[in-house]
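In: Could you work out the structure for the sequence below:
(2 chains)
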Amino acid sequence: MGEFEVHRVRFFGLVPAGVRCLVCQPRGGRLALARTDGAVEVYNFAANYFQEKVIPGHEARSVEALCWAAGDRLFGAGLGGDITEYDLARLCAAHSVDGCGGPIWSMAANSSGTQLAIGCEDGSVKLFQVVPGGIQFERNLDRRKGRILCLSWHPSDTHIAAGSIDILRVFDVRSGQTVQRVMVNYHVQKVKRECIVWSIAFLSSGTVVTSDSFGRVQFWDWERGTLLESHTISTSAVLSLAVSEKEDSIIVGTSTGATYQFQLLPVKTGSLEKRWVRTKPFQHHTHDVRAVAHSSTALISGGLDAQLVIRPLMEKMQKKGYEAALRKFTFPHRRLVSCARKARLLLFQFSQHLELWRLGSTDETGDDGEVLPLRRMPEHLVQLKSKGPEHIYCSCVSPCGSWVSYSTASRFHLYRVQYEGDGVSVKKVPKVPKLLLPAYQLQFSSDSSSLFVASARGSVHVLQLLEPGGCKHLHTLQPPSGSPEAVYLLASSADGHWLAAVGGDWAIHIYNLKCFKHHCMVPMYSCAVTAVAIHPVTNNLVITYSDQQLFEFSIPEKQYTAWSRMVQNRGLHKVWLERDSPITHITFNPKNPSHILLHDIYMFCVLDKSLPLPDNSTLLMNQGTLKQLPETARQRQLHAFKICKKFQPLLFADLLDEKCLVMVERPIMDIKTQLPLPIQQKKFGT
Amino acid sequence: MAALCESFTLCGLGPSGGVGLGGGLLALEPGPDPDHVLLTDRGRTATLFKVSDQKPLGCWSVKHGQIITCPVVCNFETHEYIAVHDDKVLRIWKNEDTNLDKVFKATLSADVYRIHSLPNGGPVVLFKGGGVRTLDVLLEAPQQEIEKVISDEVIKWSEAFMEGQRLVLIFATEKDGDFFVYVQKLKMNTLHKYKLEQQELSKPMSFTAYIKNQIITLLCLYSNDSVYKVSIPLQQNTEEEEQILSKSLLLNLSLSGSILKGTSFVVLDKDHIAVLGSLAASGEESKECLTIWNTKFQTLQTSKELPLGTSGQLWCYEEKFFFTHGKVLTVVMYKCETSSLAAAVGKLKDSQATDMSSFVNWSTLGDEELVVSFQSQQSVALKSESRMTLRSKRNTVAKVQPDTLSVGQHLLNLKDASTTVFEDELRQLMSKAQMPDLQATIGCVITALINRCKTNPQYYPRNFLLQIVQTRDLSYSLCPDLMAVALEKKDVHLLQICLQRFPDIPEEITYACLKVFLSISEAYLQRIDVNLESVICYIDIEFNNKEVKSEIVENGFNTELEQDIWDTKVTKETHLMTEGEFCPVGPQKAALLNAVLHSAYSETFLLPHLKNLPAQQAVLFLRYLYYLYVKCSEKINTTLPGIHSPTINQIMDWMCLLLDAHFTVMVMLPEAKELLSDLHKFVRAQVRFYSELNKIEGSLRELQRLNRQKDSQIYSIEVLELI
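Out: Residues are numbered from 1 along each chain as shown, chains lettered A, B, ... in the order given. Got it, this is the predicted structure:
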């Protein structure tokens, strides 16, 4: 097929923030995750754990606790002292209520989702009523000294267990009185250190499970205040704990990065007496596991090493397949890099700043695998710092490289970048039009004459860019039937004729830009869209879904193409479907219209539509084999998927020109070096 | 785990050979060759079978009216068959004879109970009166008078063994419910009578026995469904009185709720016995079955139901069981692996790895190893036997409830006993099965022996000590004076074994051993039995073997790697180092020195002692170390072949230590000069060679580092080809 000159970029210094809390939607298929920088993410189990929604962080809004209430409403509380409800359609904080108890350490919703309890720095436990449009303070429970670090409702909603320092308390919700008080370090002789109860769970049997800084997981009878069982599982703290819905399994996370599963098992087969037994240890993390969650089929843990690990419980799996694979997410399921093809610039998006880099160049050519000598080194041109506490939602650089734009929750910025010799000047475009903010995705047209701004309620704003540095709001595109969800993916055609917009409801609308009219809607598919792109020659829209399906939709003909139908008939290769990370970017080679270039975190693929599709009996990743075959024998072995796994983890890949690719990698080791040292553990023999 | 494998029918049986007591066969004896058995029925016929072919090879019958009364056995030396019919008529014939009327016949003067034939000993005839004759003696005068040893007792069972070169016959008799055991040593012509300890309400039904380490272990199946074990030491000097044999419970044949009524049994190995019997659960009909039991874990390992019934007889030859089942003779093969907890949990290391001596081997604590076979054990005959005088000193202590006395008391009582009695008692003490703290007991026994040695300078039970040290896992601290006495007596063999086995020898003693080994003359060593396994694989027996020498020259270095660079130097150097090619000491001394090299030591504690080594001996030792070093370097993996041979690290450590201790002396000593210079040259050559390797390693590492460095670049432009 040919050789590419690959610009292998490793200078994108992204360090994902650590995972602070995890909570599964009760009886729902979603997982909410909060990071240490205040960002909140929602993962959809049904869409192959796709990272469906991201609400970027906020400097003043740390999240210490998350909970789902009243079905699908998500609340967060943090050391700022506020309880915030998140608007999952508009992807922003909807409204906040001051908890009036100082920093909030913990929050829990009752089983019906009608009440929230928060645990505050001042030792108070406060109840809030969840009402339409917000929450209402209800009352305080019996207040004692000592911050409330964790809370758990009894499933019958009559009692609340709260963990504090050295102590756990049980409140009667009706009277608000403390009905039980247990010193957790009573059994330990002469302890000087304080024992922090990091996490607590109230089981329906009346057992209270605590995990503490002494490395213990303890089971208490709350009525008698007696210790039922104690398991010391670590020399360092056990930070997090989660119980399965059936209350037969518990996952705990420790500060050494290990997680353990406890299971309630019969003492003997057939016996009615059951005990909690520590069954499976896992070491997926290198740092503190601050958050764990227990879905019906998987153990989920998140650590300060920014990894989200989903470990399916094999006993709950019917068959081997996508569901049964262990998956680790370190990077977001969307791209943080944009590329100015013509100007050979890369724009990197960090949480609070942007970096603009110019790629290097070479004069040489070489053989496969060869590293070419550089004529010019890459150059860090500009760093744009976002002012204010809000984190950046999205950013984009125009193909010509002279426009850079980004958006935060409340502000939209457009810059004009000018290159004079080696110097670069950045000028902010004044008086940008007032738009419905935040913007979730920005996309410049291929001729850099207009900017598309993805916005809430399914709308897309079209801005016209004016020389030498101005802009004008042209039009707002909206789906004819309306939509509550924000648009999170955009794709424009090279001829400037078409625009595709994907909303949070996974509907893909196509607009005609010549007349600013809704053209059509791609038939709905029951999975999240991970990437879209419009072919520059044929104007076919290529769509990838989180279940690894791939569709090609002809915009002019308003129907799936013959090739797409053929793919659906034949089915994709099993190995392709079993990949566990979504395609995050699609691009094309204008000189070779049959090629589709796509990538996920672990591979880069050139899909050649002119070649036959592989069936399950052939090797999908056959590049290595092909390279060993003589030219004549290769022909028979060729198939459509040309996969390269050399570049990992791959955050971004794009085609600069016909023979030139850019690959942005972020080695995990480089992230690890940015993290604080993990707890030193003595290993045998060292 | 023991397991029963496939079974097949060897032959059908006539009407007399059927099921039930009184039926069955007279006996099944091993045939002249492996895989052959001789079957004697209760009538007139004996048949020879090839087992694996299930085919009769020959069949002989006596005339009508006659009846075979003693099982046909095979004389393994002459390949003749021997039978007795009508109690007194002896017949001997060969394979090619067909008519028994025409073969050799001798009428004896007394009734024969049984003839025992062993592979490496002639047949022995046991008469019903208890008299014993070898066949040879009997044939010289068939009508000779046979003494009556037992009066009214009836022989129930008999068995013969080879112990070393001696034939030992053991038989059990019964009289009025009392059971007696006789042990007859044939060449010595001694007979011991023992009485079996009474057991209320039950009596022995079946016996079997084996011999190991001069101790006969008799196993008895009692009617109370238990197997008991009785140890009878072969070294017995007190002759005149019958002793009571105490027994210990080996196995209870009961399963949860059901009891195995055993009728006969055989020993399979040290942990397994097979029992044929009927399994009776309460309220159910009993079923006959063949079972294998583990005596160590007291568990039933496997069983096979025999619904057609048996005659209650069971034989076992060559890993096959033989028994009658219904109207046929059935053969069942079995597998019996040594059972251990480690094997049960899958953690058994291969036997090579367990070679390292462990201090306490808990698995052998309770029981000595049993081996059932006719194979003669390593004979450790007592030299003291010749000195044995018949003493009539009665040892009451041993007889009256020996179990209730503690070992310490026992030893105290023995303090003044005579040498032979003393040794006998110690042997007996050690033969006690299921002693809770055997290790400590052995320690006490050795201490008692050593104390006696100290008080009586003439007394030194060389073989007894050797036997104890070889068979038990001891340590220096358990018997601190043993090595000191051995050093005094210059018992180098014992010292060698101690050095190999004891993990905690003080450096002072190690040094003393070294000194003794170096000073002892080669001529003296030639006469002494030393374990040579550590030297036999590499030492040059013929010193002027040119071929061996040239091989050394070639292999003195790793030729492939360095040939190009070192070609010239090597040849030069090897000429100079011919000194190091011959072993400067004889194989015995080398083996002893290897034992020293093998022992554990701490440099700090050894060095002060080593300084006292006389210069001549130090040079000799260094010469030997140099020789080992050169030998080691012949091979690319720098290890010497053989078991317990010293490793290169041990050699180098000792060499350094010795040079440290004697450097100044060595420099002054003229005879050491050449040795040192040779050593220096050899070491220098080696250093050069290794530095060359070092360079290669450096380049390779650099290569790897470059690879890594390439990876860590933050930006590169690479070529990627997609096909």
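In: Skipping its backbone neighbours, what lies nearest residue B:105 in space?
Out: residue B:91 (5.8 Å; CB to CB, 6 or more residues apart in numbering or on different chains). C-beta: built from backbone N, CA, C; applies to glycine.
In: just to confirm, which helix or strand has the one you found in it?
Out: Using DSSP states H and E, residue B:91 sits within strand B:89-93.
In: contact partners of stretch A:50-61?
Out: If you take CB atoms under 8 Å, 6 or more residues apart in numbering or on different chains as the criterion, stretch A:50-61 is touched by A:17, A:30, A:35, A:37-44, A:76, A:78, A:80, A:82, A:84, A:86, A:88, A:91-93, A:329, A:332-334, A:351-352, A:389-393, A:408-409, A:504, A:527-528, A:530, A:546, A:582.
In: go again using 7 Å as the cut-off
Out: Stretch A:50-61 is touched from outside by A:35, A:37-44, A:78, A:80, A:84, A:86, A:88, A:91-93, A:332-333, A:351, A:389-393, A:504, A:528, A:530, A:546, A:582, with contacts defined as CB atoms under 7 Å, 6 or more residues apart in numbering or on different chains.
In: With stretch B:31-48 instead?
Out: B:14, B:16-17, B:25-30, B:49-52, B:56-62, B:66-68, B:71-74, B:76, B:79, B:83, B:317-318, B:322, B:329.
In: Whichever of the residues you listed end up buried, select them in ChimeraX.
Out: Buried residues within the contacts of stretch B:31-48, by 16 or more other CB atoms under 10 Å in any protein chain shown, are selected in ChimeraX with:
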select /B:17,25,26,27,28,29,30,49,50,51,58,60,61,62,66,68,71,72,73,74,76,83,317,322,329
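In: Which single residue in the stretch 501-650 of chain B comes nearest to chain A?
Out: residue B:649 (19.7 Å; CB to the nearest CB).
In: Look at that residue and tell me its secondary structure.
Out: helix (DSSP: H, G, I helix; E, B strand; the rest coil).
In: Who are the contact partners of residue A:437?
Out: Residues near residue A:437 by CB under 7 Å, 6+ apart: A:407, A:409, A:410, A:412.
In: okay, now the domains of chain B?
Out: Using the TED database, the domain ranges for chain B come out as B:31-149, B:406-504, B:506-537+B:580-668.
In: what about the residue of the stretch 151-300 of chain A found nearest chain B, neighbour count?
Out: Here the stretch 151-300 of chain A gets closest to chain B at one residue, residue A:268, 17.4 Å apart by CB to the nearest CB. Counted with other CB atoms under 10 Å in any protein chain shown, the neighbours of residue A:268 add up to 8.
In: Then residue A:474?
Out: The tally of other residues near residue A:474 (other CB under 10 Å) stands at 15.
In: which residue sits closest to the residue in chain B that chain A sits nearest to, ignoring its sequence neighbours?
Out: Going by CB to the nearest CB, chain A is nearest to residue B:721 of chain B, at 3.7 Å. Take residue B:721 and drop its neighbours on the chain: the residue closest to it by CB to CB, 6+ apart is residue A:368, 3.7 Å away.
In: again with residue B:517
Out: That would be residue B:592: by CB to CB, 6+ apart, it lies 4.2 Å from residue B:517.
In: do residue B:179 as well
Out: Leaving aside its chain neighbours, residue B:179 sits nearest to residue B:196 (4.1 Å; criterion: CB to CB, 6+ apart).
In: Look at stretch A:220-233 and report the distance between its end residues.
Out: 17 Å (CA to CA, to the nearest Å).
In: and if you look at stretch A:549-569?
Out: Per CA to CA, the first residue of stretch A:549-569 is 12 Å away from its last.
In: Which residues does it contact?
Out: By CB under 7 Å, 6+ apart, stretch A:549-569 touches A:498, A:510, A:519-520, A:522, A:534, A:539-544, A:572, A:609, A:613.
In: Type out the PyMOL command that picks the buried ones from the residues you listed.
Out: To isolate the buried ones among the contacts of stretch A:549-569 in PyMOL, judged by 16+ other CB under 10 Å, type:
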select buried, chain A and resi 498+510+519+522+534+539+540+541+542+543+544+572+609+613
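In: Point out where the chain drops to low pLDDT.
Out: No chain was given, so I picked chain A. In the predicted model, chain A carries pLDDT under 70 at residues A:186-191, A:318-323, A:681-686.
In: I was after chain B.
Out: Scanning chain B for pLDDT under 70 picks out B:1, B:15-23, B:236-241, B:282-283, B:338-417, B:430-438, B:540-581, B:707-712.
In: Point out the residues in it that sit beside chain A.
Out: B:710, B:714, B:715, B:716, B:717, B:718, B:719, B:720, B:721, B:722, B:723 (CB under 7 Å from any CB of the partner chain).
In: hmm, back to that, what's the closest of the domains of chain B to residue B:334?
Out: Minimum separation from residue B:334 across these (CB to CB) falls at domain B:31-149, 13.8 Å.
In: got the end-to-end distance for the closest one?
Out: Across its full length, domain B:31-149 reaches 31 Å between end residues, using CA to CA.
In: Ok, stretch A:415-430 next?
Out: This stretch, stretch A:415-430, spans 9 Å end to end (CA to CA).
In: ok, back up a step: which two of the residues of chain B next to chain A have the greatest separation?
Out: Across the residues of chain B next to chain A, the longest distance by CB to CB is 28.8 Å; it joins B:714 and B:723.
In: neighbour count winner among those two?
Out: Higher neighbour count among residue B:714 and residue B:723: residue B:723, with 18 against 14, using other CB under 10 Å.
In: pretty sure that one is touching residue A:3, no?
Out: No: using CB atoms under 7 Å as the test, residue B:723 is too far from residue A:3 to be in contact (9.9 Å).
In: So which elements touch the strand holding residue B:91?
Out: When contacts are defined as 3 or more CB pairs under 7 Å, 6 or more residues apart in numbering or on different chains; DSSP states H and E, strand B:89-93 sits against strand B:80-85, strand B:104-107.
In: Which residues does the longest one contact?
Out: What it means is strand B:80-85. B:46, B:62, B:66-70, B:72-75, B:90-94, B:112, B:115, B:123, B:135.
In: can you dump the C-alpha coordinates of it into PDB?
Out: The C-alpha trace of strand B:80-85 is given here as PDB (Å, rounded to 0.1, in the frame of the first residue of the first chain):
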ATOM      1  CA  GLU B  80      15.000 -77.400  39.900                       C
ATOM      2  CA  TYR B  81      11.600 -77.800  41.400                       C
ATOM      3  CA  ILE B  82      11.100 -79.200  44.900                       C
ATOM      4  CA  ALA B  83       8.000 -80.700  46.300                       C
ATOM      5  CA  VAL B  84       7.000 -82.900  49.200                       C
ATOM      6  CA  HIS B  85       4.100 -85.200  49.000                       C
END
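In: ok, and for it, which residues are buried?
Out: Across strand B:80-85, burial judged by 16+ other CB under 10 Å covers B:80, B:81, B:82, B:83, B:84, B:85.
In: Which of the three states applies to residue B:600?
Out: Classification of residue B:600 using three-state DSSP returns coil.
In: all helices of the stretch 451-600 of chain A, in order?
Out: Taking DSSP state H, counting those that start in this stretch as the criterion, the stretch 451-600 of chain A contains helices spanning A:562-570, A:574-577.
In: circling back: what is the most widely separated pair among the contacts of stretch A:549-569?
Out: A:519 and A:613 (29.4 Å).
In: nearest to residue A:589, of the contacts of residue A:437?
Out: Taking these together and measuring to residue A:589 by CB to CB, the closest member is residue A:407, at 30.4 Å.
In: hey, what's that closest one bridged with?
Out: residue A:394, residue A:412 (DSSP bridges).
In: show me what contacts it?
Out: A:393, A:394, A:437, A:438, A:439, A:442.
In: same thing but at 6 Å, please
Out: With contact set as CB atoms under 6 Å, 6 or more residues apart in numbering or on different chains, residue A:407 has these partners: A:393, A:394, A:438, A:439.
In: What's the separation between the last one and residue A:460?
Out: Looking back up the chat, that one is residue A:439. 10 Å (CB to CB, to the nearest Å).
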